[in-house]
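Provided below are the primary sequence and the corresponding predicted coordinates.
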Amino acid sequence: MRLLVLLSISLRLPAQNPVDWIWSARYVVTMDPDRRVIENGAVAIRQDRIVAAGTRPEIDRAYQAKQRLDRPQSLIAPGLINTHTHAPMSLFRGLADDLRLQEWLEKYIFPAEARNVNADFVRWGTLLACLEMALSGTTTYADMYYFEEVMAEATKQAGLRAVLGQTIIGFPAPDAKTPADALARAERFLERYRNDPLIVAAPAPHAIYTTSDDVIRAARALANRYNAPMLIHLSETRRENEEALARRKMTPVQALDSIGALNGRTLGAHGVWLDDGDLRILKERGTGLAHCPSSNSKLASGVARVPRILSFGIPMGLGTDGFAGSNNDASLFEEMDLAAKLQKATTLDPEALPARQALEMATITGARALGLEKQIGSIESAKRADLIMVRLDAPHAVPLYDVVSQLVYALKASDVNDVMVNGRLIVKDRNVLSLNSKEILAQAESYRRRISASLSK
């Protein structure tokens, strides 16, 4: 009789659902529609998806995990999203600094690329960038460069997620002699990575001042044919805007719109020199933007009107841009901090771009800019399991009064301790599990010697 009573009691207990992982921490910063910050929180993960987020007692009652990661002195946040970079240029880091954009490009970067960039360069440069991004909490990045199929292989090896744009430019490039060759390469890339779980392939006409209207139209048509985004540099400098107005009597946005280039998913990088007329066009076309505060500051390109852009409902994420001249690292923690402070300094308004909005730009708003908000950017049920664990026990992290403020203004890339992408743990205790760090650093030093020798000839 006693056995029957015990059996009936056990049958009434709630069954625990099996999951692969439970992560728990002092806080879970969800970035969900309610922007919940869950104290003593936990996240349940099954395969590549988030199953649930809640308090640790709630998650522990409902789920049984094969593996656990418990960090009571840390916080869990969505993986950060870098909406604009040129990853292989990590091998040019510090090559030419403190120059204007056109001089930097024409006298240093384009010649260095012509002498050094090939598939092997792109592979090792991408691996170096992925190593840095993984250790700094970036789980998704958007890129424009050459040999993007090689970048895709390296990115998948690292375990990161990426939107990779095959550059199409109006002069011979390292991987394509003509724009037609580049378009053909872009189509092969789009076909190969259609429906890939980690890679979104895209055509990327470089800019309106380096690529003809006909080629930009062809890139737009190609993107639409594959339901892919198109990436392009847009209104980065005063010179770009003034030349467009002088030659076309239109701003770069107006010119792109006039040729139908914005009729489809588009990500415009920079957006520094946009007037309200441009913003109305971008809003109507559903165009996303990437704000690169470090790059725009270092190259003296100006400061984008971020609060005004966001007020139009235009999704604007954060980007680090390239590693050579325009920026020297890939830390989105630095970009969040600088983005907020630049707006305060230039508007003389301390309430401009608060920490909450800066964090949104690095997560859910960046996801919207890329058209990926249904998959990534927040910790919500059924979204991809892209998570970071950030330590809260360093001297610069205490005391803690406001979690979001701490993330944006106090915490550093080096505080990232663990990283998961698509349900795969790729960083644990600041060790990258997916890459051979020593080999990558050795290859980077070897390339430094080669690049230096090539420029001295």
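On my side now, so go ahead. Bear in mind the structure is a predicted one, so any value in this text is a computation, not a measurement. Numbers count the residues shown, from 1 in each chain.

In which helix or strand does residue 277 reside?
Under the criterion of DSSP states H and E, residue 277 resides in helix 276-285.

Can you list the strands that whichever helix or strand comes after that helix pairs with?
Once helix 276-285 ends, the next helix or strand along the chain (criterion: DSSP H and E) is strand 288-291. Strand 288-291 has the following strand partners under DSSP bridges: strand 266-270 (parallel), strand 316-318 (parallel).

circling back: if you count contacts, what does the helix holding residue 277 end up packed against?
Contact partners of helix 276-285 among helices and strands, from 3 or more C-beta pairs under 8 Å, 6 or more residues apart in numbering; DSSP states H and E: helix 252-258, helix 306-311. Quick note: C-beta positions are derived from backbone N, CA and C, even for glycine.

and if we set it to 10 Å?
Contacts defined by 3 or more C-beta pairs under 10 Å, 6 or more residues apart in numbering; DSSP states H and E place helix 276-285 against helix 252-258, strand 266-270, strand 288-291, helix 306-311.

which stretch among these comes nearest residue 193?
Closest approach to residue 193 among those (C-beta to C-beta): strand 266-270, 16.9 Å.

what is the rounded mean pLDDT of that closest one?
Mean pLDDT, strand 266-270: 98.

mind listing what's buried in the longest strand along the chain?
Longest strand of the chain, by residue count under DSSP state E: strand 63-78. Within strand 63-78, the residues scored as buried using 16 or more other C-beta atoms under 10 Å are 63, 65, 69, 71, 74-78.

Equivalent analysis for stretch 208-220, please.
Judged by neighbour count (16+ other C-beta under 10 Å), stretch 208-220 contains these buried residues: 208-209, 211, 213, 215-216, 218-220.

For that stretch, list the C-alpha coordinates in PDB.
Included here for stretch 208-220 are C-alpha records, laid out as PDB according to Å, rounded to 0.1, in the frame of the first residue of the first chain:
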ATOM      1  CA  ILE A 208      28.600  54.500 -55.200                       C
ATOM      2  CA  TYR A 209      32.000  56.200 -56.000                       C
ATOM      3  CA  THR A 210      33.900  53.000 -56.800                       C
ATOM      4  CA  THR A 211      31.200  51.000 -58.600                       C
ATOM      5  CA  SER A 212      29.100  51.900 -61.600                       C
ATOM      6  CA  ASP A 213      25.300  52.200 -61.500                       C
ATOM      7  CA  ASP A 214      24.900  49.300 -63.800                       C
ATOM      8  CA  VAL A 215      27.000  47.100 -61.600                       C
ATOM      9  CA  ILE A 216      25.200  48.200 -58.500                       C
ATOM     10  CA  ARG A 217      21.900  47.400 -60.200                       C
ATOM     11  CA  ALA A 218      23.200  44.000 -61.100                       C
ATOM     12  CA  ALA A 219      24.200  43.400 -57.500                       C
ATOM     13  CA  ARG A 220      20.800  44.400 -56.300                       C
END
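
per-residue confidence averaged over it?
Mean predicted confidence for stretch 208-220 is 97.

so how far is that stretch off the chain centroid?
24 Å (C-alpha atoms, centre = their mean, to the nearest Å).

Over to stretch 89-104?
Chain-centre distance of stretch 89-104: 21 Å, with C-alpha atoms, centre = their mean.

Contact partners for residue 404?
By C-beta atoms under 10 Å, 6 or more residues apart in numbering, the contact list for residue 404 reads 27, 29, 31, 35, 37, 77, 354-360.

Mind doing that once more with 8 Å?
29, 37, 355-356, 359 (C-beta atoms under 8 Å, 6 or more residues apart in numbering).

How far does the helix or strand harbouring it sit from its chain's centre?
Assigned by DSSP H and E, residue 404 belongs to helix 403-409. Chain-centre distance of helix 403-409: 19 Å, with C-alpha atoms, centre = their mean.

now stretch 40-55
Distance of stretch 40-55 from the chain centroid (C-alpha atoms, centre = their mean) equals 23 Å.
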